[in-house]
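**Q** Sequence and predicted model, in that order:
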Amino acid sequence: MTGTGLVQFDDWVDLYAARVETMRSSAVRDLFAAASRSDIISLSGGMPDIRKLNMQEVAAVAAEAILEEGVAGLQYGDTQGRTQTKELICSLMTDLSINITPDDLTITTGAQQALDLLAKTFINPGDLIITEGPTYLGALQAFSAYQPEVLVIDMDQDGLRTDILAAELAKLGKRQAKYLYTIPDFNNPAGVTMSLERRHELLRLSHEYGFVIIEDDPYGRLRFEGETLPRLRELDDQVVYLGTVSKMFAPGLRTGWVIAPLPIRQKINLVKQGTDLCGSALCQVIVEHYFNNTDWRTTLNSMIEKYRERRDAMLAALAEFFPAEASWTHPAGGFFVWVTLPEYLDTAQLLNVALEKGVTFVPGDGCYPASSGKGKNTMRIAFCYEEAEAIREAIQRLAMVIEERMELYRAFESAAAL
Ligand SMILES: Cc1ncc(COP(=O)(O)O)c(C=O)c1O
């Protein structure tokens, strides 16, 4: 099917590169069209609620950036990003006790581009990389284009199971894992946060076994409760750190950054030249003016309050409506709750029924590499975008869909036992 709904024969099927065969479309992106229907309550997209931004203020900042920066904002820029943008990022990173200079980072087209550039830099077909299970499906998409073998390490409420990781690494013998990709704070999709003890253990293992750690941190500032934990990059300057303005300001500006040791960053810059020459200077000047000239912290804090209210509404509705056989995570920040249903349920199938009832979510299997076969009875539900009342309504509808399926299964089981 094409986007127009017409079936079109693919005359070029024998010409595509092998990497395209292994790529899967993101279930979330596919759901975007459905989610924009006004009768649908979307628990699928990880979209920040930028409807809460003051558009007059953003427009004024954009106009000011264009008028004050002049042609610089409309010209090609440095591959590594504008110096002023990099200085801004350095000052934002001091909030997280990460002290760097503009020479330590490269501006990227969102953190998503950094994921692609890193995969392009490190992965030969068949190389081993490690991810958390479940993990960000956009990362899996970016990595899979370079055809790695992915070792998936389970998580629990304290994040990555470093005991399992240690055991798996010990089994590898001479085989070298290239990198481990982690979202330690408010993981997408699991909503869990890596404990301090495990952060130290992960760093220890990375030195023992010589793999790179990629720390992806889009949600870390969106904390609702509890103590902020040190980022892996704060604890160890060998860690490659990814940041983004997408959840602090607006994803439409497509501005992210990668902090990495110099040799790695030199390779990333080289690869980026071939990818897009440079990021958008216009987006960078707007980002600079927004963070330098507005009270963005107050805006962000009021958004965090909203997200907290919605998280509470979701957890309360889950406790009220979901069956006893289901379990779910309790995120202290970020956008997502991860739900585990009885093993016999397939959430990809449930999605079709849920859509008829006007609710979308992300089936969990997309958050694992396709070959793993994991996650079929899990789902990611996002509380970032819908108002609390709509979230409650959506959870109630979802609970009905799940209950119906479970009843069907029980009826089938008892009929089979006769
Ligand atoms: C874990 C994670 N990494 C990276 C990204 C991509 O972020 P960006 O908008 O900066 O490309 C997302 C977006 O949702 C994400 O959840």
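**A** Right, received. Where do you want to start? Numbers count the residues shown, from 1 in each chain.

**Q** Could you verify my assumption that R308 touches F224?
**A** Yes. R308 is within contact range of F224, at 4.1 Å (criterion: Cβ atoms under 8 Å). For the C-beta atoms, the positions are set from N, CA and C on the backbone; glycine is no exception.

**Q** check contacts around D365.
**A** D365 makes contacts with T347, A348, G373, K374, G375, K376, T378, as judged by Cβ atoms under 8 Å, 6 or more residues apart in numbering.

**Q** pretty sure the first one is touching C367, no?
**A** No. Taking Cβ under 8 Å as the definition, T347 is not a contact partner of C367, at 10.8 Å.

**Q** so what sits against both of those two?
**A** T378.

**Q** Compare those two and say which one has the larger neighbour count.
**A** C367 (29 against 24; other Cβ atoms under 10 Å).

**Q** Spit out the contact partners of that one.
**A** C367 neighbours (Cβ under 8 Å, 6+ apart): G133, P134, T135, Y136, L137, L140, P189, G375, T378, R380.

**Q** Pull the number of nearby residues for the first one.
**A** A count of neighbours around G133, defined by other Cβ under 10 Å, yields 21.

**Q** Up against the ligand, what does this structure have?
**A** Residues of the chain lying close to the ligand (Cβ under 6 Å from any ligand atom) are 46, 110-112, 136, 138, 183, 188, 216, 218, 244, 246, 251, 256.

**Q** Okay, and which of the residues you listed map to strands?
**A** Among the residues of the chain next to the ligand, the residues falling in strands (DSSP state E) are D216, T244, G256.

**Q** what about L242, helix or strand, and which?
**A** Secondary structure from DSSP states H and E places L242 in strand 240-244.

**Q** how about low-confidence regions in this protein?
**A** Scanning the chain for pLDDT under 70 picks out 1-7, 22-36.

**Q** quick one: the helices in it?
**A** 18-21, 27-35, 55-69, 83-94, 110-122, 137-144, 162-171, 196-209, 232-235, 262-276, 281-293, 296-321, 347-356, 388-417 (DSSP state H).

**Q** Can you tell me which of those is most buried?
**A** helix 110-122 (a mean of 23; mean count of other Cβ atoms under 10 Å).

**Q** Kindly calculate the angle that that helix makes with helix 281-293.
**A** 120 degrees (axes from the mean of the first three to the mean of the last three Cα atoms, to 10 degrees).

**Q** Next, the angle from helix 110-122 to helix 137-144.
**A** 20 degrees.

**Q** And the residue of the stretch 51-200 of the chain closest to the ligand?
**A** G110 (2.4 Å; Cβ to the nearest ligand atom).

**Q** give the contact list for that residue.
**A** Per Cβ under 8 Å, 6+ apart, neighbours of G110: T244, S246, P251, R254, T255, G256.

**Q** List buried residues within these.
**A** Buried members of the contacts of G110, scored by 16 or more other Cβ atoms under 10 Å, are T244, S246, P251, R254, T255, G256.

**Q** Surely the last one and T106 touch.
**A** No. With contact defined as Cβ under 8 Å, G256 and T106 do not form a contacting pair (9.6 Å).

**Q** Which neighbours do those two have in common?
**A** In contact with both G256 and T106: A114, using Cβ under 8 Å, 6+ apart.

**Q** List the neighbouring strands of the longest strand along the chain plus their orientation.
**A** Taking DSSP E as the criterion, the chain has its longest strand at strand 149-156. Strands that pair with strand 149-156, judged by DSSP bridges, come out as strand 128-133 (parallel), strand 159-160 (antiparallel).

**Q** which of those strands sits most buried?
**A** strand 159-160 (a mean of 25).

**Q** D103: neighbouring residues, count only.
**A** 12.

**Q** Which residues are in contact with it?
**A** Here D103 is in contact with L262 (Cβ under 8 Å, 6+ apart).

**Q** Now for D10, how many residues are close by?
**A** The burial count for D10: 8, using other Cβ under 10 Å.

**Q** for K52, same thing?
**A** Residue neighbour count, defined by other Cβ under 10 Å, stands at 12 for K52.

**Q** how about it, what does it touch?
**A** K52 touches T299, S302, M303, K306, counting by Cβ under 8 Å, 6+ apart.

**Q** quick check, nearest of those to the ligand?
**A** M303 (15.3 Å).

**Q** I'd assumed P48 was in contact with the closest one.
**A** Yes. M303 is in contact with P48 according to Cβ under 8 Å; the separation is 7.3 Å.

**Q** if we can go back for a sec, got the helices of the chain as TSV, with distance to Y179 columns?
**A** TSV is the format used below for the helices of the chain (distance: least, Cβ to Cβ, whole Å):
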stretch	distance to Y179
helix 18-21	18
helix 27-35	24
helix 55-69	35
helix 83-94	21
helix 110-122	6
helix 137-144	9
helix 162-171	13
helix 196-209	9
helix 232-235	13
helix 262-276	10
helix 281-293	27
helix 296-321	30
helix 347-356	29
helix 388-417	36
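
**Q** Tell me which of those approaches T329 most closely.
**A** In terms of Cβ to Cβ, the element of those nearest to T329 is helix 296-321, at 9.5 Å.

**Q** same for that closest one, what does it pack against?
**A** strand 336-340, helix 388-417 (3 or more Cβ pairs under 8 Å, 6 or more residues apart in numbering; DSSP states H and E).

**Q** if you set the cut-off to 7 Å instead, what comes out?
**A** The contact analysis (3 or more Cβ pairs under 7 Å, 6 or more residues apart in numbering; DSSP states H and E) places helix 296-321 against helix 388-417.

**Q** Can you tell me the closest non-neighbouring residue to V245?
**A** T255 (4.9 Å; Cβ to Cβ, 6 or more residues apart in numbering).

**Q** so who does that neighbour touch?
**A** I107, G110, V245, C283, Q284, V287 (Cβ atoms under 7 Å, 6 or more residues apart in numbering).

**Q** surely the fifth one meets D78?
**A** No. Applying Cβ atoms under 7 Å, one finds Q284 not in contact with D78, separated by 9.9 Å.

**Q** Got phi/psi on Y219?
**A** phi -110, psi -10 (degrees, to the nearest 10).

**Q** what's the neighbour count on it?
**A** Counted with other Cβ under 10 Å, Y219 comes out at 28.

**Q** That one and I304, how far apart?
**A** Taking Cβ to Cβ, to the nearest Å as the measure, Y219 falls 11 Å from I304.

**Q** go on, F143?
**A** Separation of F143 from I304 (Cβ to Cβ) stands at 30 Å.

**Q** Over to N99?
**A** 25 Å.
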